[in-house]
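> Got a sequence here, can you build the structure:
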Amino acid sequence: MQGLVDIQRDIYLTFADTIREFAAGGGWFELATFLPMAIIFGAVHALTPGHSKAVLATYLAGSSLSVARGLVVSLTLSFTHVLMAVIIAVLSLPLVSIALGSVGRAPAMENVSRGLLGLIGLWMIWRAFRGHVDGIGKNKGTLVGFFAGLIPCPLTLFVMIFAIQRGVTEAGLAFAAMMMLGVATTLSVVAVATIVFRQGIAALIASRPRLLDRTGRAVEGLAGVILVLIAFQTMVSS
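Sure, this is the predicted structure:
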C-alpha cells in the first residue's frame with residue numbers, strides 16, 4: 001500500500017510542476033506528453049481503499065449481469081466518480097472549504113450515495129425472497145454504477161482545484177479525463193473478475209437448476225444485506 005501511495009505522490013508532484021510550466025506559458029505539447037501518466041495515476045489510485053470497489057464487486061456477485069453489462073456498470077461508476085469531482089471544483093470552488101467536510105471529501109454526497117445504494121440493497125433482498133423479475137436488472141445495474149459514483153474522487157478534486165487556481169482549468173480537465181480512464185481500467189478488472197468467478201461457480205452447479213436458483217437468490221440476498229450494511233455504517237460513521 002505504501003508503494004501505491006509513493007507512486008501517486010511522485011506523479012502528483014510531477015503534475016504540479018507541469019501545470020506550473022503550462023500556466024507560465026508552456027505549450028500543449030509538453031502537457032500532452034505527461035497526460036498518459038494520468039492514466040497510471042488513476043489506475044493506481046483506484047487500487048487504494050475506496051472508489052466503491054467493494055460495492056461494485058458485491059453487487060455484481062449477486063446479480064445476473066453479463067461481462068458486457070458489468071463493464072457498463074464499472075464505466076458508469078468511474079465516469080460519475082470523476083465527473084462529480086470536476087463539477088464540484090468548476091462550479092463551487094469559492095465554496096469548497098464550506099461544502100466539503102474535510103479535504104477531498106463531500107459528506108453530503110457520500111450520504112446520498114450510500115443511502116441510494118442502501119435502497120438498492122433492500123430491493124435486492126426483496127427480490128431474493130420474491131424471485132427474479134426479468135428485464136429489470138440491466139437498468140438497475142447502471143443506476144448502481146451512478147449511485148456508487150456520486151462520491152467525488154478526492155485526487156481529481158485536488159488536481160482540478162490546483163489547475164483552476166493557476167488559471168489553466170483546461171489542463172485540469174485534460175488530466176481528469178485521463179485519470180478517469182485509469183480508474184475505469186481498475187474497476188473494469190474488478191467487474192470482469194467478479195462476473196467470471198460468479199459464472200464459474202454457476203457452471204459448477206448448472207446441472208442442478210433448483211440448486212442454482214436457490215444459490216443465486218441466496219447470493220443476491222447476501223449482496224443486498226452487505227450493501228445495506230455498507231450504507232448504514234458509512235452514514236453513521238460520517
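> Need the pLDDT of residue 114.
In this model, residue 114 is scored at 60, pLDDT.
> same thing with the one 3 residues further on?
Predicted confidence (pLDDT) at residue 117: the value is 61.
> Can you find the helix or strand in this protein with the smallest mean pLDDT?
helix 96-99 (a mean of 46; mean pLDDT, DSSP states H and E).
> Please name the residues that touch residue 192.
Shown in contact with residue 192 (C-beta atoms under 8 Å, 6 or more residues apart in numbering): 67, 70-71. C-beta here means a position set from N, CA and C on the backbone, and glycine is covered the same way.
> shaky segments in this structure?
The model of the chain has pLDDT under 70 over residues 1-2, 4, 49-51, 92-139, 205-217, 219-220, 227, 230-231, 233-238.
> Now go through the contacts of residue 192 and say which are in helices.
67, 70-71 (DSSP state H).
> Just the buried residues of those residues.
70-71 (16 or more other C-beta atoms under 10 Å).
> I'd like the ones in helices among the contacts of residue 192 written out as CSV, with distance to residue 201 added.
Shown next, in CSV, are the ones in helices among the contacts of residue 192 (distance: C-beta to C-beta, whole Å):
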residue, distance to residue 201
67, 15
70, 15
71, 20
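> what's the burial count for residue 31?
19 (other C-beta atoms under 10 Å).
> Give the closest residue to it in space, chain neighbours not counted.
Counting by C-beta to C-beta, 6 or more residues apart in numbering, residue 31 lies nearest to residue 22, which is 5.1 Å off, once chain neighbours are set aside.
> Could you pull out the buried residues of the helix or strand encompassing residue 38?
Using DSSP states H and E, residue 38 falls within helix 36-47. For helix 36-47, a neighbour-count test (16+ other C-beta under 10 Å) marks 37-47 as buried.
> got it, and stretch 191-209?
191-192, 194-195, 198.
> Please flag which of these sit within helices.
Of the buried residues of stretch 191-209, the ones assigned to helices by DSSP H are 191-192, 194-195, 198.
> tell me which of the ones in helices among the contacts of residue 192 is nearest to residue 27?
Ranked by distance to residue 27 (C-beta to C-beta), the ones in helices among the contacts of residue 192 are led by residue 71 at 35.8 Å.
> Please enumerate residues in contact with stretch 178-186?
35-36, 38-47, 51, 53, 74-75, 78-79, 81-83, 153, 155-156, 159.
> before we move on, the earlier item: give me every residue that touches the residue nearest to residue 31.
30-31, 168, 171.
> I figured residue 74 hits residue 144, correct?
No: judged on C-beta atoms under 8 Å, residue 74 makes no contact with residue 144 at a distance of 10.2 Å.
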